[in-house]
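*Asks:* next one to model:
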Amino acid sequence: MIVRKGHREDMPAVLELIKELAVFEKEPDAVVVTVEELERDGFGTNPLFNTFVAEEDGEIIGMALFYYRYSTWKGKTIHLEDLIVKEEKRGTGAGSALYKEVIKFARQEGVRRAEWAVLNWNTHAIDFYERSGATVLKDWFTVQMHEQEIIKFTLDL
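*Replies:* Just a heads-up that it's a prediction; the model follows:
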């Protein structure tokens, strides 16, 4: 298995992994992004995200997708949006290898914080992150406004 930077031609496999993650997170119908959007947004003039992929015998078995954010307290940070390994390849070290690559990238880029979200029922991941030295915040809530709510809110302005 090798971990490498993702390429435009990897995006169909990345999308399949994103869909697999949505099923794992009990949101199987939530994914609306397309391969074309991933290709445009990740590999256009101003890429919006970076990826690493884990590849075994020419097959992509896992991926990590992340992007830069800016903290008014810390400055440049990165946000790990997704880290997923195919179900049948979990436990092989692919997830750990992808995670290490992202954290190594964060250090090389000089960011002051890497952050991500984890579902409160995913105790395996929580335990892994805490063993790695990460802090799982228990006093912050994630807040989101989805497309329909954005439209409704702005219509009322």
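*Asks:* measure the closest residue to residue 29 other than its chain neighbours to residue 32 for me?
*Replies:* Computed as Cβ to Cβ, 6 or more residues apart in numbering, the closest residue to residue 29 that is not its neighbour in sequence is residue 22, at 7.8 Å. For the C-beta atoms, the positions are set from N, CA and C on the backbone; glycine is no exception. Counting by Cβ to Cβ, to the nearest Å, the gap from residue 22 to residue 32 is 10 Å.
*Asks:* residue contacts, the nearest residue to residue 6 once chain neighbours are set aside?
*Replies:* Computed as Cβ to Cβ, 6+ apart, the closest residue to residue 6 that is not its neighbour in sequence is residue 51, at 3.1 Å. Contacts for residue 51 (Cβ atoms under 8 Å, 6 or more residues apart in numbering) come out as 5-6, 10, 14, 42, 63-66.
*Asks:* picking up where we left off before, got the buried residues for the helix or strand hosting the residue nearest to residue 29?
*Replies:* Assigned by DSSP states H and E, residue 22 falls within helix 11-24. Neighbour counts over helix 11-24 (16 or more other Cβ atoms under 10 Å) mark 11, 13-15, 17-22 as buried.
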